[in-house]
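A.B. asks: Make a model of this:
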Amino acid sequence: MKAILWLIAVCNLNPLMNTFLKILLWVVAFVAATLVGMYSMMGLHHLSGFVFPEAAMSKMPEDPVELESFIAGLGLAPKISVLLSHWGGTVMSALTAQFIAPTKKLWPGTTMGAFFLIGGIANAMMIPMPTWMVVTDVLGYVPLAWLAARALQLRVNRA
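C.D. replies: Okay, the predicted model is just below:
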């Protein structure tokens with residue numbers, strides 16, 4: 001440890017180390033944000049399965065035709081809970097990225113919203129959902145991520 005500190009002092013590696021640590025912090029921010037968002041989303045999906053047992057993920061059929069009729073037969077509340085699960089995971093991801101990233105700008109949280117938007121589009125292509133649900137789901141990712149990042153930014157600046 002003393003040798004590393006001596007090397008930094010003698011060779012003036014401080015700017016290089018600052019750059020390395022910032023890059024490492026960016027990587028940690030986006031990996032952590034992705035994991036937090038995915039696990040939050042899955043946790044909210046499972047929680048909605050407890051609230052609406054008819055919509056539990058374990059009851060979803062694997063056959064595409066049966067899946068389409070299963071989703072069509074669900075009520076409005078389970079469908080809204082799916083949207084809230086997706087948006088909740090996105091918000092948690094945006095907050096995590098915004099909190100860890102070494103910048104005060106809003107783009108880390110908004111980037112996570114765009115990342116989860118890509119996942120939401122892929123999800124909409126794989127699972128047959130009603131059109132209104134797909135449109136509402138897709139339109140919510142980036143604005144909610146931006147709002148979460150902005151709220152955290154205002155909260156940190158106020159403190």
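
A.B. asks: which secondary structure elements does the lengthiest helix in the chain contact?
C.D. replies: Within the chain, and with DSSP state H defining each element, the longest helix by residue count is helix 14-51. Judged by 3 or more Cβ pairs under 8 Å, 6 or more residues apart in numbering; DSSP states H and E, the packing partners of helix 14-51 are helix 76-100, helix 107-126. Where you see a C-beta, it was placed from the backbone N, CA and C, and this is true even at glycine.

A.B. asks: What lies in contact with the helix or strand just after that helix?
C.D. replies: Following the chain from helix 14-51 toward its C-terminal end, the next helix or strand by DSSP states H and E is helix 64-73. Contact partners of helix 64-73, identified using Cβ atoms under 8 Å, 6 or more residues apart in numbering, comprise 59, 60, 61, 79, 127, 128, 129, 130.

A.B. asks: Quick one: neighbours of residue 106, just the number.
C.D. replies: Using other Cβ atoms under 10 Å as the criterion, residue 106 is surrounded by 18 other residues.

A.B. asks: typed the wrong thing, it's residue 129
C.D. replies: Taking other Cβ under 10 Å as the criterion, the count of residues near residue 129 is 20.

A.B. asks: Now it: phi and psi?
C.D. replies: The phi/psi pair for residue 129 (degrees, to the nearest 10) reads phi -110, psi 160.

A.B. asks: nearest spatial neighbour of it, skipping sequence neighbours?
C.D. replies: Nearest-residue entry for residue 129: residue 71, 6.2 Å, with adjacent residues in sequence omitted and distances by Cβ to Cβ, 6 or more residues apart in numbering.

A.B. asks: pLDDT value on the closest residue to residue 41 other than its chain neighbours, please?
C.D. replies: Of all residues beyond its chain neighbours, the one nearest residue 41 is residue 89 (2.7 Å), with distances taken as Cβ to Cβ, 6+ apart. The score at residue 89 is 97. That number is its pLDDT.

A.B. asks: how far away is the closest residue in space to residue 74 that isn't next to it in sequence from residue 144?
C.D. replies: The spatially closest residue to residue 74, leaving aside those adjacent along the chain, is residue 55, at 5.6 Å (Cβ to Cβ, 6+ apart). Going from residue 55 to residue 144 by Cβ to Cβ, to the nearest Å gives 22 Å.

A.B. asks: I'm done for today, thanks for sticking with me.
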